[in-house]
Structures are given as structure tokens and as C-alpha cells.
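Undergrad: What follows is a protein structure lacking sequence information:
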């Protein structure tokens, strides 16, 4: 016969499971980091300087897999993400590899247009960001860049933990069947039909079964 204490524990089990699920959800929460805070991701062309100290901003925060960086910006600047320190130090994506560098583009075509780009953090370890706009990477050289270290945290959420698409493979080029000309018509050969000149007249040659049927037309 169950005791009163056992019955009480059984009654609490649904509540315990509910609190455990809530704790797990809280532990697996992710953060949207607005780059530069309220200042955003901007470059002041008049003073030839970045609108904020982005390295200082990045150093004050913790970044985990599954977090997002939100760049509030305009089309005067760009967003380049790379895992290659050499590319980062050069302030240029011109010679970067497609396997370690991404240039984000929303498709906006108007210069100075307000824009927002959200970048998911999907690779653990050092991540580098910069703007390569301006002559010779001037924006990057003048402060439009920062480095972060992405921790594992709760890991990637299912929405970001997808295998990459398979590489594109061009379909094989179809080849036309071989054509053999002649009067034999043996097995495995195809014979072209058409007009053939024969001295005083013309004949048309048409394939019939495995042989050739000729119709003469005298001139």
C-alpha cells in the first residue's frame, strides 16, 4: 500500500518534468548581438573613421554557436566574415577563398540605403569581420573590423545544424548516335535517306528494315 509521501512525490513528478524542460530551454537560448549597439555598423566619411570602436564592443561580449550578429548599416559599408586571419589582416576579400570567407549582400542597389544583415555564428573558434568598402580597404583600416571567439555554448540549433548541399555536378553531355553511310544496311548501322544522283536520273534511298529500298526517277 503506497504511503502518503510516495503519493505526494508522484503528484510532483509532472511539475518536476515541467521545470526541467524550462531549465533546458533556458540553457539552450541564443542571443542576437547588435553590432556596435545603438550606434550600428557605420563609417563616417567626413572624419574618415568608424562610428564606434568595434573591437572594444566585441571584447565586452560572449558569443556562442547559434547566436546571430545583427548589422544595422547602410549600403556605404559591407559585411565580410572570414575564418582566415591573413584575409582579415589584409582588409580585402579579393584573394579570399570561398571555403573560409563570406561576403554578405542583401541586393540593395541604392548608395546610402539603410540596410540590415543578420549573420549566424555556425563555426566555433575565431571569427573575423570587416568592411572592405572604400579605396584600398580604408574602412577596415580605420576601424571597421573586429574579431570574436565563438564558444560551443548549447551547440547549434536544429535550424542551423544542417549538412551543406552537395557540390554541383554538371550533367553529362549527350552524344548523338553514330551514323554510317553506305549501301549495306547491316545490323547495328543506320542509313541516311536522301537523294543520290545516278548519271541520267536521281534515286531516293530510304531504309526499309535492314535493307535499302531505291526508287528510280529517270531524267
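TA: Received, thanks. The structure presented is a predicted model; accordingly, all values stated were derived computationally and were not measured. Numbers count the residues shown, from 1 in each chain.

Undergrad: do you know how far the closest residue to residue 153 other than its chain neighbours is from residue 93?
TA: In this structure, residue 153 finds its nearest non-sequential neighbour in residue 64, 2.7 Å apart by CB to CB, 6 or more residues apart in numbering. No exception for glycine: its C-beta is placed from N, CA and C like everyone else's. Per CB to CB, to the nearest Å, residue 64 is found 26 Å from residue 93.

Undergrad: Do a quick rundown of the strands in the protein.
TA: For the chain, applying DSSP state E gives strands covering 32-34, 43-44, 49-50, 63-64, 68-74, 79-82, 101-104, 114-120, 125-130, 145-151, 194-198, 201-208, 211-218.

Undergrad: returning to that earlier point: these two touch, right, the residue nearest to residue 153 and residue 31?
TA: Yes. Counting by CB atoms under 8 Å, residue 31 is a contact partner of residue 64 at 7.2 Å.

Undergrad: returning to that earlier point: count the residues that sit near the residue nearest to residue 153.
TA: 17 (other CB atoms under 10 Å).

Undergrad: so what's the closest residue to residue 55 other than its chain neighbours scoring on pLDDT?
TA: Closest residue to residue 55 apart from its sequence neighbours, by CB to CB, 6+ apart: residue 146 at 4.7 Å. If you check residue 146, the pLDDT there is 98.

Undergrad: Dig out what residue 146 forms beta bridges with.
TA: Judged by DSSP bridges, the bridge partners of residue 146 are residue 129.

Undergrad: Going forward, the N-terminal residue is numbered 7.
TA: Sure thing, new numbering starts at 7, so read that last one as residue 152.

Undergrad: And the contacts of stretch 51-69?
TA: 37, 39, 41-43, 45-50, 82, 127, 133, 135, 144-145, 148-157 (CB atoms under 8 Å, 6 or more residues apart in numbering).
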